[in-house]
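Student: need a 3D model of the sequence below.
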Amino acid sequence: MSMRKCLTAALFGHFCSALSRNKPRPLKKVAIIGSGIAGLASAHALSSLLPDLEISIFDDRPNLDPLVGAGIQLNGGLKVLGDINPRVQKAVISAGLPLRRLRTRTRRGNKLKDEGNQGGTLETLLDLNLQEIVQNSGATELLQSDGKILWTSIMRGTLQKTLFDTLEKKMQRRVIFNKKLTNLGVELNQQVYCSFSDGSKVGPFDLVVGCDGIKSVVKEYVDNGCISDESARSKISKTGLYTGIRIRYAVQMKAAKMSPSTLPVTFSQYFGNGCYCLDGTYGGASKTVTKSVFAIFLDENYFGPFRRRKESQAVYEDADWSQDKAKATTRARHVMMHQLQDANLSENDLLATVQRADQFFELGVYAHNPFCRWSKEVSGSDGAFVVLCGDAAHALPPFLGQGSNQAIQDAYSLAKRLRSYNEAVAERDVSVVSLAKYLDEYESARWMPNFQIFWKASLLGYLETGGYNGFYSSFRNIFFRTMSAIGVAQRVLLSAAAPKT
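Tutor: Residues are numbered from 1 along each chain as shown. Here you go, the predicted structure:
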């Protein structure tokens, strides 16, 4: 749809809405666009708090593949899953591995290694015992009844499968794949319908929840009042802002079977010259253990988010990847091994995982403008709205491990406000103005926690790389050593992990 058509449709819709405004009515039918973590968490939250709601979920992928994607850590999001449904929380804990320690190390002075030898003495900058930190801080919301902390490492695909499998059977049947949203339209009855690339049109819906990630077409509607034609859309989402940070992932699927010897888990971070790596172990498919190495570095064609060279292009997408991005090639392995060696990151555990990896990804880190709205009334409708959740609302740099946690908290926070709206309508509460009031409350409750994570994670992402060719590696090492010594690192971590719905 052209910009002129978008503007015409928006003006006509506002005119129709003004003429036909009715009294608020309860939500009965909701469409969720996207069946990733945000979409499935929204389905759980809405079905738990609004059991009479008719929910439909649409995803442009062909299926949910539990072997696709890298690993994540859950803490505050895991706690909120227990608020939504303790059975779901229990299933996720069972599928994941207990994470108990975070450690950051570097080579003292970052001296380059001689042939066959690692340069410099290995120095620990940060060593966090998560169990002790949570208990000593009094963050009881992150403790289970047995005193163990709610902190789990799990593969993204495994988490999605677990969330899907724990849906009621009738809800599972309402998750429809190969449905790429192309338009949100209003019929003569002033109700909202979703149009898809296969030519189908589904509806009507009272609310559309956009959980379609960094490349969100629903966000495009919220921002512009329409969804552009496929031919006019750039390969990179118009709504995403490239940060100039890139990540290479090496994933070793099914590295071992879950056993007492694999528990608990430590995440080790290594600072090198112009690059840093995270070595992690995660709960994978079918009760297996998956190992993963992430190499984070700066795009040489960018200075922060600003392009240095006109001919350079940003990497395609964020950690909300497409399934066709998973490729294990000899060249990808060679490139990553060479990068680690150049950065003085030739640690045995890193190299072993890269050598045995089944999948490789190379992706760009994208974010959203944090000052954009999260909801919009559908033009021409009788009070129907579109609202964003998860990465579609606030794509977060992954450097505090909070993307999935915040998506789950969004889902629960939104469901609570929608339940309050329906209750108010049923009680004929005179304070009810429109659904917009409750969507604004949702955005207000969730915006600040996400914004605080956004700027802290953005700062960490640039700082932890050490700059181009390790330009400020020494400053980075001093900074993290100091922040650990005075307790700031612990407070930042806990502040991000504590749920806020």
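
Student: so, low pLDDT: which residues of the stretch 201-350 of the chain?
Tutor: 230-239, 261, 309-328 (pLDDT under 70).

Student: just the helices in it please.
Tutor: Assigned by DSSP state H, counting those that start in this stretch, the helices in the stretch 201-350 of the chain fall at 217-224, 330-342, 348-356.

Student: which one of those is the most hemmed in?
Tutor: Mean neighbours per residue, mean count of other C-beta atoms under 10 Å, is largest over the helices of the stretch 201-350 of the chain for helix 217-224, with a mean of 23. In short, each C-beta sits where N, CA and C put it, glycine included.

Student: what packs against that helix?
Tutor: If you count contacts as 3 or more C-beta pairs under 8 Å, 6 or more residues apart in numbering; DSSP states H and E, helix 217-224 packs onto strand 181-186, strand 207-210, strand 375-377, strand 385-388, helix 391-394.

Student: nearest to Ala139, of the ones you listed?
Tutor: Between Ala139 and the helices and strands packed on helix 217-224, the shortest gap by C-beta to C-beta is with helix 391-394, which sits at 23.0 Å.

Student: which of the helices of the stretch 201-350 of the chain sits closest to Gln452?
Tutor: Closest among the helices of the stretch 201-350 of the chain, once you apply C-beta to C-beta, is helix 217-224, at 20.9 Å.

Student: please export the C-alpha coordinates of the closest one as CSV.
Tutor: Extracted in CSV, the C-alpha atoms of helix 217-224 (Å, rounded to 0.1, in the frame of the first residue of the first chain):
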residue,chain,number,x,y,z
VAL,A,217,4.3,-5.8,10.4
VAL,A,218,1.9,-5.0,13.2
LYS,A,219,4.3,-2.4,14.5
GLU,A,220,4.4,-0.9,11.0
TYR,A,221,0.6,-0.5,11.3
VAL,A,222,0.8,1.1,14.7
ASP,A,223,3.5,3.5,13.4
ASN,A,224,2.0,4.3,10.0
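
Student: list of residues touching that helix?
Tutor: 6, 33, 181-182, 184, 208-210, 212, 226-228, 237-239, 368, 372-376, 386, 388, 392-393 (C-beta atoms under 8 Å, 6 or more residues apart in numbering).

Student: quick revisit: nearest to Asp146, out of the helices and strands packed on helix 217-224?
Tutor: helix 391-394 (32.9 Å).

Student: list the helices and strands the closest one packs on?
Tutor: Applying 3+ C-beta pairs under 8 Å, 6+ apart, we find helix 391-394 packed against helix 217-224, helix 403-426, helix 435-465.

Student: at 7 Å what do you get?
Tutor: helix 403-426 (3 or more C-beta pairs under 7 Å, 6 or more residues apart in numbering; DSSP states H and E).

Student: figure out how far the helix it packs on is from the centre of its chain.
Tutor: 18 Å (C-alpha atoms, centre = their mean, to the nearest Å).

Student: would you mark the buried spots in that helix?
Tutor: For helix 403-426, burial by neighbour count (16 or more other C-beta atoms under 10 Å) applies to 403-422, 424-425.

Student: Asp212 reaches Ala31, doesn't it?
Tutor: No. The criterion here is C-beta atoms under 7 Å, and Asp212 misses it with Ala31 at 11.3 Å.

Student: just the CA atoms of stretch 47-60, as PDB, please.
Tutor: As requested, the backbone C-alpha atoms of stretch 47-60 are provided in PDB (Å, rounded to 0.1, in the frame of the first residue of the first chain):
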ATOM      1  CA  SER A  47      -6.600 -18.000  28.300                       C
ATOM      2  CA  SER A  48      -5.700 -18.100  32.000                       C
ATOM      3  CA  LEU A  49      -7.100 -14.700  32.900                       C
ATOM      4  CA  LEU A  50      -9.900 -14.500  30.300                       C
ATOM      5  CA  PRO A  51     -11.000 -18.100  29.800                       C
ATOM      6  CA  ASP A  52     -14.000 -17.200  27.700                       C
ATOM      7  CA  LEU A  53     -12.000 -15.300  25.200                       C
ATOM      8  CA  GLU A  54     -11.700 -16.700  21.700                       C
ATOM      9  CA  ILE A  55      -8.000 -16.600  20.700                       C
ATOM     10  CA  SER A  56      -6.500 -17.200  17.300                       C
ATOM     11  CA  ILE A  57      -2.800 -17.300  16.700                       C
ATOM     12  CA  PHE A  58      -1.200 -16.800  13.200                       C
ATOM     13  CA  ASP A  59       2.500 -17.300  12.300                       C
ATOM     14  CA  ASP A  60       4.300 -16.900   9.000                       C
END
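
Student: for this structure, which spans come out with low pLDDT?
Tutor: Looking at the chain by pLDDT under 70, you get 1-23, 109-120, 230-239, 261, 309-328, 429-433.

Student: of the contacts of helix 217-224, just the buried ones, ChimeraX syntax please.
Tutor: Buried members of these, defined by 16+ other C-beta under 10 Å, are picked up in ChimeraX with:
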select :6,33,181,182,184,208,209,210,212,226,227,228,237,239,368,374,375,376,386,388,392,393
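
Student: for this protein, longest strand please?
Tutor: strand 241-257 (DSSP state E).

Student: Asn183: neighbour count?
Tutor: 18 (other C-beta atoms under 10 Å).

Student: which strand residues bridge it?
Tutor: Ser195 (DSSP bridges).

Student: still on that earlier bit, just the C-alpha atoms of the longest strand of the chain, please, in PDB.
Tutor: What follows is strand 241-257, C-alpha atoms only, in PDB (Å, rounded to 0.1, in the frame of the first residue of the first chain):
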ATOM      1  CA  LEU A 241      17.200   0.400  14.100                       C
ATOM      2  CA  TYR A 242      20.500  -1.300  13.400                       C
ATOM      3  CA  THR A 243      22.900  -0.800  16.300                       C
ATOM      4  CA  GLY A 244      26.200  -1.600  14.500                       C
ATOM      5  CA  ILE A 245      26.700  -4.600  16.700                       C
ATOM      6  CA  ARG A 246      27.000  -8.100  15.300                       C
ATOM      7  CA  ILE A 247      26.800 -11.600  16.800                       C
ATOM      8  CA  ARG A 248      28.100 -14.900  15.500                       C
ATOM      9  CA  TYR A 249      26.500 -18.000  17.100                       C
ATOM     10  CA  ALA A 250      27.900 -21.500  17.200                       C
ATOM     11  CA  VAL A 251      25.500 -24.100  18.500                       C
ATOM     12  CA  GLN A 252      26.300 -27.600  19.300                       C
ATOM     13  CA  MET A 253      22.900 -29.400  19.500                       C
ATOM     14  CA  LYS A 254      22.400 -32.500  21.700                       C
ATOM     15  CA  ALA A 255      25.900 -32.200  23.200                       C
ATOM     16  CA  ALA A 256      24.900 -34.600  26.000                       C
ATOM     17  CA  LYS A 257      21.900 -36.000  27.800                       C
END
